[in-house]
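> Predicted coordinates and the sequence they were generated for:
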Amino acid sequence: MSSYSGSDIIVLEGLEAVRKRPGMYIGGTGKPGLHHLLWEIVDNGVDEAVNGYADCINVTLHKDGKSITVQDNGRGIPVDPHPKKNIPALEVILTTLHSGGKFEGDQYITSGGLHGVGASVVNALSVELVARVQRDGSTYEQRFERGIPVSQLIDLEKRTRSTGTQIYFAPDPEIFESTQFDSKRILEELEIKTYLNRGLRIIFRDETQGETVEFVHDGGIVDYLGHLIEENKTPPVHPEVFSIIQDTLESSVRLEIALQWTESTKECIKSYVNGIPTCDGGTHEQGFKDAVRTAVRSWMDTHKVIPRGVDVTSDDIREGLFGVINMFMSDPQFQGQTKDKLNNPSARSYVNSLVRVALEQFLNTHPSASDAIGARVLQSARARQASRAAAKSARSKARQKRRLTLPGKLADCSSMDPAEGELFIVEGDSAGGSAKQGRDRKTQAVLPLRGKVLNAEQATASKLRNNTELSNVTQALGCGMGANIEPDKLRYHKVILLMDADSDGHHIATLMLTFFYRYMRPLIDRGHIFVAEPPLYRLDAGKKTYWALDEAEKSEIEERLRKSNSRIKIDVQRFKGLGEMMPQTLKETTLDPAKRRLLKVTINEKTLTENTIAGLMGRDASVRYRFIMENAQMAEDLDV
Ligand code: 0RA
């Protein structure tokens, strides 16, 4: 291509920096970093192949598994003296960071983008490196230790007609956690390079195993695609592979695509930019996906193969799709933590338009393949719809089953999520009716209590179980009781007692709390039990309405209002019971999480002992109620 001379090499930096912070240059000092050294050297040879100067690379892993020789049949690293320094270009290339003939602009499309400049990094991180170059009929050699030349460039006086570069290196154990190479890893990586560079021959001699493998794939990524499909044991749904190769001299971009649909339920797309895997995809992959969707969709639309009632998504179209994207471009921008994603916006539209046009044409000229692809897409659309329908019916069956085991009087909420569910246990059918109308049906359930609630202190367990009201509560809560309680199964995380503010109401509340204390203690301990505070008075003054919980609060409000306006007319209404309240009023004052007041029931161990509970249950109901409520604390309602 060019008349290269030593002056083209840009000298930037010394190598001490590399040894000080190897992670900055090769990612880390573990196994991946160690193998990165090898890829740097191999990719220099691949660059020569990409640019048409080489077609064979020999990689030898030596017997100890800790040193490697890489040899290519490219032009050979230049050896002519660098004009400024008067040292051989080879020495400059191997001892100077960011040097290399391939560094300036778009002159070369390199296999790794940065490669051709990595040899000095490898040199810096190797205890020993020997470079041998065949060029201009001669053979030259120079040796280095930890990046420092330990010999001059010498002419070995070996005449040769071939050209090429051979680099032996042994990674530095002072730098790497381990310097043991992994044959399998090398084998796999080398084979991928021969897929991505059609016709490139790589011979791997593994002296640790005494084995030699040769890779060459004249089919390039089409062969790679076949390999991936075979590996996944998923038969293709059409025999023809779709592939495009866009490789013109004018364009600075080279693009290869191969794809085929399979029976697999997964999608498998491998993409590479300049030989670097883009595991997280990026703009090129997005352009590819857009194109596949558009092309297949438009074929299916023109051929009217989508039946009524079936909707086809982009995911349906790509189910079972295997694809390889191999792109070479001059200024790739990588993004993300691991730089595994291509970010150049132009790549998206470039890949999209190329693939769309070519794939549409393929579909229109390969009717049996298109039919098979169309059928495959419909199959996944139907399967997706069927599984969605199955999940839906499973959900509704679960609902139905749940309904059968729940008490008939329970008005359940629609949400199945206990964390947002609330159960109001309401005294009497008329209050229950108001609560049912005023509630939020999604999260609030209502269970009216009608008959007698047994005193859990006095009744036997079997008697309790036979008590309709308590067994309704137990069923609604769904967590069992007594020794068999499973608090994790509680169906509502807020269980709220809603009773009239009179002695009957207090009595029922007390009986309920006694039951919870004796048979569902974990619910109290976990803070699931609450008492609602419905107002006892409604005060209307002018256009405003106030609610008072009790006599004291009523007086306080009246006083406050009179202070600001001594002649104000206040209309006071006392509720005889919750049943009297309009559903809307009940909602605003007692049910709505944003406006209501709730008391969380807690047990104060100091005052409430086994004896006091037992003792209390023998005395006057209102005394007991007050006692328990004094031990209840204001709930901080997090819903507000
Ligand atoms: C700089 C300039 C030229 C080739 C190379 C480097 C080169 C480097 C490596 C590393 C491993 N194998 C390599 N092969 C070549 C161009 C030389 C020319 O124009 O003749």
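Good, I have the coordinates.
> name the helices or strands packed onto the top helix by length along the chain?
When the chain is parsed with DSSP state H, its longest helix is helix 367-405. Judged by 3 or more C-beta pairs under 8 Å, 6 or more residues apart in numbering; DSSP states H and E, helix 367-405 is in contact with strand 254-261, helix 283-302, helix 314-318, helix 345-365. Heads up, the C-betas are built off the backbone N, CA and C, glycines and all.
> can you rerun that using 10 Å?
If contacts are counted by 3 or more C-beta pairs under 10 Å, 6 or more residues apart in numbering; DSSP states H and E, helix 367-405 sits against strand 254-261, helix 283-302, helix 314-318, strand 321-328, helix 345-365.
> Okay, I221 and A291: tell me how far apart.
Going from I221 to A291 by C-beta to C-beta, to the nearest Å gives 17 Å.
> tell me how far stretch 580-598 is from the chain's mean position?
42 Å (C-alpha atoms, centre = their mean, to the nearest Å).
> Which residues belonging to it are considered buried?
Buried residues in stretch 580-598, counting neighbours by 16 or more other C-beta atoms under 10 Å, are found at M581, T585, L586, K587, E588, T589, T590, L591, D592, R596, R597, L598.
> quick check: mean pLDDT across the longest helix of the chain?
Helix 367-405 carries an average pLDDT of 91.
> And the next helix or strand past it?
Where DSSP states H and E defines the elements, the next helix or strand beyond helix 367-405 is strand 422-427.
> Which strands border that next one, and is each parallel or antiparallel?
strand 444-449 (parallel), strand 494-498 (parallel) (DSSP bridges).
> What backbone torsions are found at the residue in the stretch 201-350 of the chain that the ligand sits nearest to?
Nearest residue of the stretch 201-350 of the chain to the ligand, counting by C-beta to the nearest ligand atom: I202, 13.7 Å away. Backbone geometry at I202, expressed as degrees, to the nearest 10, gives phi -120, psi 130.
> Could I have the CA atoms of the longest strand along the chain written out in CSV?
Ranked by number of residues, the top strand in the chain under DSSP state E is strand 126-135. Extracted in CSV, the C-alpha atoms of strand 126-135 (Å, rounded to 0.1, in the frame of the first residue of the first chain):
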residue,chain,number,x,y,z
SER,A,126,6.7,-9.6,29.6
VAL,A,127,9.9,-10.9,31.4
GLU,A,128,11.2,-11.7,28.0
LEU,A,129,10.2,-10.8,24.5
VAL,A,130,12.0,-11.7,21.3
ALA,A,131,11.0,-10.1,18.0
ARG,A,132,12.1,-11.7,14.8
VAL,A,133,11.3,-10.0,11.5
GLN,A,134,11.7,-11.3,7.9
ARG,A,135,11.9,-8.4,5.6
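> Is that strand positioned near the ligand?
No - using C-beta under 6 Å from any ligand atom, strand 126-135 stays clear of the ligand, coming no nearer than 7.6 Å.
> quick one: strands adjacent to that strand?
Assessed with DSSP bridges, strand 126-135 is paired to strand 138-145 (antiparallel), strand 164-171 (antiparallel).
> chain center to that strand: distance?
Mean C-alpha position of strand 126-135 versus that of the full chain (C-alpha atoms, centre = their mean) differs by 45 Å.
> before we move on, what about stretch 296-313?
31 Å.
> cool, stretch 542-552 as well?
Worked out by C-alpha atoms, centre = their mean, stretch 542-552 lies 52 Å from the chain centre.
> May I see the buried residues of that stretch?
Result for stretch 542-552 [16+ other C-beta under 10 Å]: buried residues Y546, W547, A548.
> Now, those residues that are in strands?
Reading strands off the buried residues of stretch 542-552 with DSSP E, I get Y546, W547, A548.
> could you measure the first one against the ligand, distance?
Shown here: Y546 relative to the ligand, a distance of 88 Å by C-beta to the nearest ligand atom, to the nearest Å.
> Can you classify the residue of the stretch 451-600 of the chain at minimum distance from the ligand by secondary structure?
Residue of the stretch 451-600 of the chain nearest the ligand, by C-beta to the nearest ligand atom: D488 (64.5 Å). Taken by DSSP: H, G, I helix; E, B strand; the rest coil, the conformation at D488 corresponds to helix.
> Hmm, it is touching L523, no?
No - using C-beta atoms under 10 Å, D488 is not in contact with L523; the gap is 11.1 Å.
> ok, Q180 to the ligand distance?
Applying C-beta to the nearest ligand atom to Q180 and the ligand gives a distance of 24 Å.
> now, of the strands paired with strand 126-135, which is deepest in the fold?
Mean neighbours per residue, mean count of other C-beta atoms under 10 Å, is largest over the strands paired with strand 126-135 for strand 164-171, with a mean of 23.
> now that one: how far from the chain's centre is it?
The answer for strand 164-171 is 41 Å, by C-alpha atoms, centre = their mean.
> re earlier: ok, the buried residues of stretch 542-552 vs P332, which is closest?
W547 (68.1 Å; C-beta to C-beta).
> Let me see the contact set for the residue nearest to the closest one when sequence neighbours are not counted.
In space, and not counting its chain neighbours, W547 is closest to P535: 3.7 Å by C-beta to C-beta, 6 or more residues apart in numbering. By C-beta atoms under 10 Å, 6 or more residues apart in numbering, P535 lies in contact with 501, 546-550, 553-554, 573-575, 578, 581, 585-586, 588-590, 596-597.
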